[in-house]
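Chemist: sequence isn't available, so here's the structure alone:
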C-alpha cells in the first residue's frame, strides 16, 4: 500500500500539473521522505594552488557530513574548474570561488549588477543561475540614481536579498597583507587605499626614497601575460597599465573617483552630459602632445567592432563624444549612470591615436586589440615602459616630465612564483616592497620583527571568498536548503583555520572595505550553528533516514549518476 | 615479468621452471653475498610491512583536520607523544601522513615497475624472436618513445587528465619500456640460436610456446633487474609531479607531503621534522632498489662487473 | 656515411611522430582551450572570434597540415597568453636553460670522471665501500628536495646566495655575454647548478669507474706496467683515455635529458628556464606555447641522441668494425 502511494506520487510529480496537488496534500507527503540526496562533489582549486581555499572546502565538507550529506572535495587545476563551472553551467553542484579586488570595484555596481542579474546567467558572472526579478529591478535602479544616499538604500536592499536567499555561502574577505622596507621607503609616503591596501597607484607615485636606493623592487607570484592598454589579462598587469597610461579620472585613496588627466569633470543636471577639460601641456612618452583627438579615440576605439571586448561594455553607454575646443571634450550618455566615473572615466586608458590607430585599422574581421603586440607601450602616465623579460621582470622608469612625477627612479616588478623565495628576497633586500604575499602572514610579521626595518600593512580586501551553489540543480534551488547549509558553516573556524586569522567574516558582496556601501552588521547578523542548520532542514521537510539526508516527501533525485 | 607463471604448460615447462627458479634463487642469494643488497632487501621488506599495516600504524587519519581541546586548529605542533612528528600548517598529523605515504609510494612504484617491465619484456621478446618487419616496427616505436622528453610528458599528462597518481604510472609505462625492451631483445636474439630452442623446435613446439616457455624464463632475470630500478624512478617521478602541484589533492604521498611543506613555508619555519622525513624515505626506497639491482647484476652477470 | 644518413632519417621520423602525437594530444583533450580566458567578461561572439583567430574552427585534419607546414617553416604558432609568436617566448628563456644544463653537466662530469677513475683505482678498499653507496644515495635523492634543503640553508639561513632568479632585478648589461660572465649572474647560477650537478654526477662516476675497471685489465695496461711507467701515467694516459668515450656519449645524452628534466630545479630556484615555461603554459592552458616548449625540448633531446649515436659510431673502433663486417 505504502509503495503504491509513493509510486503514484512520483508519477504525479513527473507531470508539472500535479505539483499543486503535492502542496495541497502535504500531510500525506510528510509521512514519507523523498529520495536520498545524491552524493555531492565540492570543487575547489587544488591544495597546491590555493591551500586556504582547499582547507576551507575540507572544513565545510567535514561539517556538512554531520547533516547527513555525502560529500567529496575535489581539488582541480584552474582550467578544469573553469571548464566545469563556467562553460558547462549545468554540470556541477558546489564550487569554491573567489572575487578579487580591483580599483574600479571600489564602486559596488560591478558586483551588485554582474554577479546576480539574470541577464548575466548564460555567459556572464551569474554562473550560479540566480533569477529574481525583484533583485534585477534593484540592480538596474541603483545604476540610475546619482544621489549617494538614495542609492545606498537600494544597495542595502540588494545585500539583504542576497543574505535572505543565501545564493552564495559567503566565507571571508581576506586581509591584504603587504610589507615594505622602511629603510628604503619613507613609511609616511605609503598611502593606504581602502580595499586595496598600500599596493596602489598613489603609493607608487608618492613613495619617497629614504636613502640611496631609488628603485622600488616588487614581487608578483603570477606570471604576466600582457601589457596592453586595451586588455586586462589578470590582476598583475592591471597595476602596470595603471602606471603607464593616464586616465581621465583616478580612484582616489578614499575610494572615490577624482579628476586626473581631466582638470575638471562637470555634469549636467540630468546626469546625461559630462564636460571634461584636459590638463594643459600633457605629453606622450614619445614627445607628442596629448590632444582631444587622442581622448576621443581612447573612448571610441574600444566601442568599435571587436577591438576591445574587455572595455566595450564600459563605453556602451556613451551616445556621443566631441571636442568643443582644443582642451574640452563633451560626452553624452544614453542614460544617467551612477558608476560612470568609476567604471568608465577612471577605467579607460588614454591611448595615443598616432600609435594605435594604424594598428587597429589592420585588424582583420573578428581580431581584437588584445592580439596586437605593441612593444613601445607609449602612454602619458607617470611611468615609462623600459622592458619586460618573460618570467623575470618588468622594468618601468619614472617619467620626470609628468605633472605628478614619481620620486623613485625605477619601478621593477620581479616574478617570483614561490612564497618562500619571495619572503627570502624581502629579508635579503632583493625585494623592497612585497606586493604579493600569499603565504602565512604570521611568518611575515615574524620576519618584520626580526629585521626591524620591515613594516607590514594589512587591510580588508574588496574581494571575497565564497562557496557557490548551483541553483539550476535541486536541492540547491531551495533557499531553505541553502540557508541550512550556510548555517552549518562555522565562519569563525574558517577564518582562523583556513586563513590563519587574516580575514574578516563575510556575508555580503559589498565589502566592509567600502565603508559607505557595506551594510553594517550583515556578517554578524547571519545566524549559524549546527543545531540551527538541522532545524531549518527539518522545518523545510528534509529528513534524515539511516544517517543520510533525504528530500522532503515526494522529492526525487534527478541528478543521481 | 611474472607472466610466465600464467602460462601453464607442465610437460614442456621444465626450462620455464628452471628459469624462474634461477631468478628466485638470485633473490635469496644476493643478500647472503652482498651486504648492501641485504640492506636493500631489508629496507624493502620494512617498507612493504609498513605499507601493509599502515592502517594500524597511523595514529590519526592522515587527511583529517585536527583541533585542540579549545576547538582551535592544531597547526604547527611540535613533535610530541600525541603527534610523533608534529602537525602540518593545515592541522594534519605528519607521522600518519608519512606512514600512509609509504603505501602511496609503493603502489605507484610497484605498479609502474610491473607495467613498464611487462611491456618491455613482451616487446623485447617478440621483437628479438620474430625479427623482420615486426622487429623494425617495434624498434622504431622504441625510438619514438625515447624521443619524447619524459618529465615534460608526464607533466602534460597530469595536467590534462583528472589529477591522479595513475598518470605517473601511465607515463612511465608509455615511455620507459624501450630500455628493458632493447636489452631483452638482444638477449633473445642470441638465445634463439641456442641448442635448447632448436630442440624445442624439432619436437614441434609452436613459436609462441617456444618464446614464452623456453626463452622467456631466461630473460626474467633481466626483467627483474629493470623492475627494481623502475620502482625508484616511479617514486621519484611521482614526487616531482606532486611537488609541481599536478598530483591529486586527496591522496597522501611523500611527494604530496613535500609539496605541502614547501608551499606552507616549512623551510622558513625551520620545521625539519616535516620536510626531512619524506625526503629520507624516498631516498631509502630508491637506494634500496639500486642496491638490490646492483647485487643482482653482480650475481647474474658477473662478467659485466669485472 | 650510410649509417649517418640512415640515423638522420630516423631522427626526422622521430621528430615528426612526436610532433604528431603532441598535436593530437592537445587537440583531443577534454575541455575548451579557451577556458583560460575565464576571468574576462568575454561574450559568445568574442569566444567565436578568438577561436577563429587561433584557427580552431577549421577541421582537425586541416589544422594538422597547417601545423606541420608552419612547423617546417619554423613557425610554432602564437601563444594564447603572451600574444606573441611562441618561438620568441621560448627563445627568451631557452638560453638560461642551456646554460644551467651545461654548467651543471660540466661540473658533474669533471667531478664524476676524476672520482670515478679514483674509485676504480681504489677497488676493494674502504674508500670504495663508502663511496659507491654514497654516490647511489645522491642519485636517489629527489632533486627538488635537495634544492629545497640547499636553498633553506645557504640562502635563507646563511645568506650566501640569492633566493632565486637569474639576475638582480633591474640590472643593466652591455651585451648578453657581459651578463653571462658577471658575478651577479654566476652567484644566481651557483645553487641551482650545484643541486643539479649533485644529482647528475652519479652517472659519469659509475660509468667511468666500470670502464676503468675494464680497461685496467686489458693487455696494453699490463704492458705499460711492465715498461715501468708510473701508476699515475698509466691511469691518465692509457686507461682514462680509453674509458672516456662512453662517458662522452653519456654527456651528449645528458644534455638532451636534462634540458627538459630541469623543470623541478628551475621551479625551486625560480630560474627562468624552458621547463618552468612549459609548466606555466600547461597550467594556463596556453596550448600553443606548451606545444612549442615541448617540441623545443624534444628537438634538443632527439638531436643529442643523434649526436651521441654518431659520435659513438665514428669514434669507437669496435663498433666501426662490426658495422663494416
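Modeler: Done, it's in. Bear in mind that the values here come from a model prediction, so they are computed numbers and not experimental data.

Chemist: ranges for the helices of the stretch 1-150 of chain A?
Modeler: Counting by DSSP state H, counting those that start in this stretch, the segments of the stretch 1-150 of chain A that form helices are A:2-14, A:19-24, A:26-30, A:51-65, A:78-85, A:109-114, A:133-144, A:148-165.

Chemist: for residue 122, phi and psi?
Modeler: Just going to use chain A. Backbone torsions of residue A:122, given as degrees, to the nearest 10, read phi -70, psi -50.

Chemist: I was thinking of chain C, sorry if that wasn't clear
Modeler: Comment: the main-chain dihedrals of residue C:122 come out as phi -90, psi 20, following degrees, to the nearest 10.

Chemist: what's the closest non-adjacent residue to it?
Modeler: By the measure of Cβ to Cβ, 6 or more residues apart in numbering or on different chains, the closest residue to residue C:122 outside its immediate chain neighbours is residue C:128, 5.4 Å from it. (Glycine included, C-beta is placed from N, CA and C.)

Chemist: enumerate the residues of chain B near chain A.
Modeler: Contact residues, chain B versus chain A (Cβ under 8 Å from any Cβ of the partner chain): B:63, B:65, B:67, B:71-73, B:75, B:89-91, B:159, B:162-163, B:242, B:245-250, B:259-260, B:262-265, B:267-269.

Chemist: of those residues, which count as buried by neighbour count?
Modeler: B:63, B:65, B:73, B:75, B:89-91, B:159, B:163, B:242, B:245-250, B:259-260, B:262-265, B:267-269 (16 or more other Cβ atoms under 10 Å in any protein chain shown).

Chemist: tell me which of these fall in helices.
Modeler: Among those, DSSP state H puts B:159, B:242, B:259-260, B:262-263 in helices.

Chemist: out of those residues, who's nearest residue C:79?
Modeler: The closest of these to residue C:79 turns out to be residue B:159 (Cβ to Cβ; 16.6 Å).

Chemist: what does the stretch 51-200 of chain C put close to chain A?
Modeler: Counting by Cβ under 8 Å from any Cβ, the residues of the stretch 51-200 of chain C lying close to chain A are C:52-53, C:78, C:81-84, C:89, C:92-93, C:151, C:155-156, C:159, C:162-170.

Chemist: tell me the buried residues within those.
Modeler: Among those, those that count as buried by neighbour count (16+ other Cβ under 10 Å) are C:53, C:78, C:81-84, C:89, C:92-93, C:151, C:155-156, C:162-170.

Chemist: quick one, what contacts residue A:179?
Modeler: Neighbour list for residue A:179: A:426, A:433-434, A:437, A:444, A:448, A:454-457 [criterion: Cβ atoms under 8 Å, 6 or more residues apart in numbering or on different chains].

Chemist: so it belongs to a helix, correct?
Modeler: No - secondary structure of residue A:179 (DSSP: H, G, I helix; E, B strand; the rest coil): strand, not part of a helix.

Chemist: where's it relative to residue A:448, distance?
Modeler: 6 Å (Cβ to Cβ, to the nearest Å).

Chemist: overlap of the contact sets of those two?
Modeler: The overlap between the contact sets of residue A:179 and residue A:448 (Cβ under 8 Å, 6+ apart) consists of A:454-456.

Chemist: among these, name the ones in helices.
Modeler: Per DSSP H, the shared contacts of residue A:179 and residue A:448 never map to helices.

Chemist: could you dump these into JSON lines with pLDDT added?
Modeler: Converted to JSON lines, the shared contacts of residue A:179 and residue A:448 look like this (pLDDT from 0 to 100):
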{"residue": "A:454", "pLDDT": "92"}
{"residue": "A:455", "pLDDT": "92"}
{"residue": "A:456", "pLDDT": "93"}
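
Chemist: any idea which of those is closest to residue C:142?
Modeler: For those, the minimum distance to residue C:142 (Cβ to Cβ) is 32.6 Å, reached by residue A:454.

Chemist: next, count neighbours for that closest one.
Modeler: The number of residues packed around residue A:454, counting by other Cβ atoms under 10 Å in any protein chain shown, is 20.

Chemist: contacting residues around it?
Modeler: Residue A:454 is in contact with A:179-182, A:426-427, A:447-448, counting by Cβ under 8 Å, 6+ apart.

Chemist: what's the closest non-adjacent residue to residue C:70?
Modeler: Here the nearest residue to residue C:70 in space, its sequence neighbours aside, is residue C:77; by Cβ to Cβ, 6+ apart that works out to 6.6 Å.

Chemist: wait, doesn't the one you found sit right on residue C:86?
Modeler: Yes - using Cβ atoms under 8 Å, residue C:77 is in contact with residue C:86, at 5.3 Å.

Chemist: neighbour-wise, which of those two wins?
Modeler: Between residue C:77 and residue C:86, counted using other Cβ under 10 Å, residue C:86 has the larger neighbour count: 24 against 19.

Chemist: my guess is the more buried one contacts residue C:71. True?
Modeler: No - with contact defined as Cβ under 8 Å, residue C:86 does not count as touching residue C:71 (10.8 Å).

Chemist: and residue C:260, what element?
Modeler: Taking DSSP states H and E as the criterion, residue C:260 maps to helix C:241-261.

Chemist: before we move on, what SS does residue 171 have?
Modeler: With no chain named, the answer covers chain A. Using three-state DSSP, the secondary structure recorded for residue A:171 is strand.

Chemist: get me the contact residues on the stretch 201-350 of chain A for chain C.
Modeler: Where the stretch 201-350 of chain A comes near chain C, counting by Cβ under 8 Å from any Cβ, the residues are A:215, A:217, A:223, A:225-226, A:228, A:232-234, A:306, A:309-310, A:313.

Chemist: farthest pair within the residues you listed?
Modeler: Between all members of these, the longest pairwise span (Cβ to Cβ) is found for A:215 and A:306 and amounts to 39.0 Å.

Chemist: who has more neighbours out of those two?
Modeler: residue A:306 (20 against 16).

Chemist: list the contacts for residue A:443?
Modeler: Contacts for residue A:443 (Cβ under 8 Å, 6+ apart) come out as A:423, B:265, B:268-269.

Chemist: list the buried ones in stretch A:198-214?
Modeler: Of the residues in stretch A:198-214, those buried by neighbour count under the rule 16+ other Cβ under 10 Å are A:198-207, A:209, A:213-214.

Chemist: mean confidence score for stretch A:184-196?
Modeler: Mean pLDDT, stretch A:184-196: 90.

Chemist: report the buried residues of that stretch.
Modeler: The neighbour-count check on stretch A:184-196 (16+ other Cβ under 10 Å) flags A:184-185, A:189-196 as buried.

Chemist: which single one of those is nearest to residue A:125?
Modeler: Using Cβ to Cβ as the measure, the one of the buried residues of stretch A:184-196 that approaches residue A:125 most closely is residue A:195, at 18.6 Å.

Chemist: so how far is residue A:88 from the closest one?
Modeler: Using Cβ to Cβ, one gets 32 Å for the distance from residue A:195 to residue A:88.

Chemist: for residue B:237, same thing?
Modeler: Taking Cβ to Cβ as the criterion, residue B:237 is separated from residue A:88 by 32 Å.

Chemist: swap in residue C:284?
Modeler: Residue C:284 sits at a distance of 20 Å from residue A:88 (criterion: Cβ to Cβ).

Chemist: how about residue A:329, phi and psi?
Modeler: For residue A:329, the backbone dihedrals (degrees, to the nearest 10) come out as phi -130, psi 130.

Chemist: residue B:95 contacts residue B:59, correct?
Modeler: Yes - using Cβ under 8 Å, residue B:95 makes contact with residue B:59 at a distance of 6.3 Å.

Chemist: between the two, which one's more packed in?
Modeler: residue B:95 (21 against 13).

Chemist: contacting residues around the more buried one?
Modeler: Residue B:95 makes contact with B:58-59, B:83-85, according to Cβ under 8 Å, 6+ apart.
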